[in-house]
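Chemist: got a structure for you, letters missing:
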């Protein structure tokens, strides 16, 4: 029953991400070409995110856990931005029936995004990241490897210097044996300075 619920939640998350990507592409095709981003969209920013992650791992039982992260970035003012962020997820209850284990994942990724300039208050985005990831239970089972991610979401302007961000992230960590994959739904804030 638990696997059915996790599978169903994962299906809803993936369907939502696909819908965001399709609507982003449709809105971008209809956007006003005379739109000019406000000057406050350029410059340095701090970000923080919280959400829920669904583990998808061939090496053990799938599970869900809280995820959160933060980072520092720079927006170039033309829809392109980049940030360095660290994300932590856990504890997942996984392993096998004979060898259950609780473990966490951490990634440090350099990400690049493109914000579609649809309006002054809302802009869909897509992004990708590369970096390094760690997974383990704090014991001898710890492992690390190359990590990457894909993102899609929606920016909502709260003030001239604060943006809300709601999105989906797929993340892959190349540990020994079976790679770890997770799907996450995140909500966060970006503070420009």
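Modeler: Great, that's in hand. Computed from a predicted structure; not experimentally measured.
Chemist: where along the protein do the helices fall?
Modeler: Ranges of helices within the chain are 2-30, based on DSSP state H.
Chemist: Do you have the strands of it handy? List them.
Modeler: Taking DSSP state E as the test, the strands found in the chain are 42-57, 64-76, 80-95, 100-115, 122-136, 143-157, 162-173, 180-192.
Chemist: how about these in CSV, adding mean pLDDT and mean neighbour count?
Modeler: C-betas here are computed from N, CA, C, even on glycine. Listed next are the strands of the chain as CSV, based on pLDDT from 0 to 100; neighbours: other C-beta atoms under 10 Å:
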stretch, mean pLDDT, mean neighbour count
strand 42-57, 90, 18
strand 64-76, 94, 18
strand 80-95, 87, 19
strand 100-115, 88, 19
strand 122-136, 93, 19
strand 143-157, 94, 19
strand 162-173, 95, 20
strand 180-192, 93, 20
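Chemist: OK, contacts around residue 169?
Modeler: Taking C-beta atoms under 8 Å, 6 or more residues apart in numbering, we find residue 169 in contact with 149-151, 183-184, 186.
Chemist: Tell me which two of the residues you listed sit farthest apart.
Modeler: Using C-beta to C-beta, the contacts of residue 169 span at most 13.0 Å, a distance reached by 150 and 186.
Chemist: Can you report how many residues lie near residue 160?
Modeler: By other C-beta atoms under 10 Å, the residues close to residue 160 number 11.
Chemist: Local confidence estimate at it?
Modeler: pLDDT, residue 160: 88.
Chemist: Please report how far it lies from residue 120.
Modeler: 10 Å (C-beta to C-beta, to the nearest Å).
Chemist: and what of residue 159?
Modeler: 12 Å.
Chemist: And stretch 154-164, end to end?
Modeler: This stretch, stretch 154-164, spans 8 Å end to end (C-alpha to C-alpha, to the nearest Å).
Chemist: In this structure residue 149 contacts residue 171, no?
Modeler: Yes: using C-beta atoms under 8 Å, residue 149 is in contact with residue 171, at 4.4 Å.
Chemist: Return every residue with contacts to both of those two.
Modeler: Common contacts of residue 149 and residue 171 (C-beta under 8 Å, 6+ apart): residue 107.
Chemist: who's the residue nearest to residue 173 when sequence neighbours are not counted bridged to?
Modeler: Of all residues not flanking residue 173 in the chain, residue 133 sits nearest, at 3.5 Å (C-beta to C-beta, 6 or more residues apart in numbering). Beta-bridge partners recorded for residue 133 (DSSP bridges): residue 107, residue 145.
Chemist: surely residue 133 meets residue 107?
Modeler: Yes: look at residue 133 against residue 107 with C-beta under 8 Å: they come within range, at 4.2 Å.
Chemist: Overlap of the contact sets of those two?
Modeler: With C-beta under 8 Å, 6+ apart as the test, residue 133 and residue 107 both reach 147, 171, 173.
Chemist: now those residues as CSV including distance to residue 67?
Modeler: Formatted as CSV, the shared contacts of residue 133 and residue 107 follow (distance: C-beta to C-beta, whole Å):
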residue, distance to residue 67
147, 14
171, 9
173, 13
